[in-house]
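A.B. asks: Quick check, what structure comes out for this input:
(one chain, ligands or ions: 1)
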Amino acid sequence: FNTERFGQHILKNPQVAQTIVEKANLRPTDKVLEVGPGTGNLTVKILEQAKHVTAVEMDPRMAAELTKRVQGKPEQRKLDIIIGDFVKAELPYFDVCISNTPYQISSPLIFRLLSHRPLPRVCILMFQREFALRLVATAGSALWSRLSANVQLYAKVDYLMHVGKNNFRPAPMVESSVVRVAPRDPPPPVRFEEFDGLGRILFSRRNKTVHGNFMAKGVIPMLEKNWRTYCSETDQMVENEVDMKAKVEEVLEQTGNTENRAAKMDVDDLLKLLYAFHKVGIHFA
Ligand code: SAM
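C.D. replies: Below you'll find the model as predicted:
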């Protein structure tokens, strides 16, 4: 195991660990998922407040240290350790997720949490500063991106705190931040692949007009292909000649989006545009 590759930067400041756990507002009945517990600096604080903790740790040496740390203590029976990669591990039921994991798995981590069912009540997550700022960015701001839209479609995200590199041993190269991710429950009734598919087109150049991005190479043929699949799946007659470009332009005109730019469109604007496309059988996945 290589410190950099697995991001083994242990959180050494007990005050920061305490604050992270407090921000979760744990209830005595809560089951908590912790990803990448390391030597357990967060874990022991979570165990004081929760009913149960499942910790997923990829490095068996770290898992052994954590096991030793609770051995013989009353907390021992409240803790299950899964040794393995979080991305592949089978997850148990949990109410809350708390994690300080390596930043290489930031994206898979957040999307896996948001697609877990039943949805967790809240997740308190430490990320690299830039990633955290993209998660909380609002439409119209410099960091508003496809990632911001995709995450905010499913969750309310709040910036909680700044954590400087010197709070870790060894100190990482980058600054960190803690965010609160509160999933919208029930989630909006839209397939992620559809929303993300529209986002891929619009955010490919986020300052270009929506119309301009739809006219980029390959987009219209891709939509035409999706449209044929959609027609055959829904047993509709496929017109041989479909003018997909005209169909797209009509939707953009009718919804007033032709001259809009993704950089300024919020989740609601994107959803409205997506529904307008769906109404005429245009799909993005
Ligand atoms: N949470 C501890 C803390 O705050 O002190 C440790 C943090 S350290 C940044 C990240 C931990 O995640 C390491 O123990 C590492 O072995 C573990 N880890 C790395 N990749 C993982 C993965 N894919 N699944 C589960 N754990 C992983």
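A.B. asks: which helix of the chain spans the most residues?
C.D. replies: helix 219-233 (DSSP state H).
A.B. asks: List the buried residues for the helix or strand that it is followed by?
C.D. replies: Next helix or strand after helix 219-233 toward the C-terminus (DSSP states H and E): helix 244-254. Buried positions in helix 244-254, judged by neighbour count with 16 or more other Cβ atoms under 10 Å: 244, 247, 248, 251, 252. Quick note: C-beta positions are derived from backbone N, CA and C, even for glycine.
A.B. asks: what does helix 244-254 rub up against?
C.D. replies: 210-211, 214-215, 220-221, 223-224, 227, 257-258, 273, 276-277, 280, 282 (Cβ atoms under 8 Å, 6 or more residues apart in numbering).
A.B. asks: Kindly recompute the last result at 10 Å.
C.D. replies: The contact list for helix 244-254 (Cβ atoms under 10 Å, 6 or more residues apart in numbering) reads 209-211, 214-215, 219-227, 243, 257-260, 273, 276-282.
A.B. asks: How many residues are close by whichever residue of the stretch 151-285 of the chain sits closest to the ligand?
C.D. replies: Nearest residue of the stretch 151-285 of the chain to the ligand, counting by Cβ to the nearest ligand atom: residue 168, 7.1 Å away. The tally of other residues near residue 168 (other Cβ atoms under 10 Å) stands at 20.
A.B. asks: hang on, isn't it packed against residue 102?
C.D. replies: No. Between residue 168 and residue 102 there is no contact under Cβ atoms under 10 Å: 11.5 Å.
A.B. asks: tell me the SS of residue 85?
C.D. replies: coil (DSSP: H, G, I helix; E, B strand; the rest coil).
A.B. asks: Would you mind giving me the confidence score for it?
C.D. replies: pLDDT for residue 85: 96.
A.B. asks: wait, it sits on residue 56?
C.D. replies: Yes. Applying Cβ under 10 Å, one finds residue 85 in contact with residue 56, separated by 8.1 Å.
A.B. asks: out of those two, which sits in the busier spot?
C.D. replies: More neighbours surround residue 56 than the other of residue 85 and residue 56, with 25 against 12 (other Cβ under 10 Å).
A.B. asks: got the phi/psi numbers for that one?
C.D. replies: Here is the backbone geometry of residue 56 (degrees, to the nearest 10): phi -100, psi 110.
A.B. asks: For it, name its beta-bridge partners.
C.D. replies: Going by DSSP bridges, residue 56 is paired in beta bridges with residue 35, residue 82.
A.B. asks: Can you name the residues that contact it?
C.D. replies: By Cβ under 10 Å, 6+ apart, the neighbours of residue 56 are 33-37, 63, 80-92, 99, 101.
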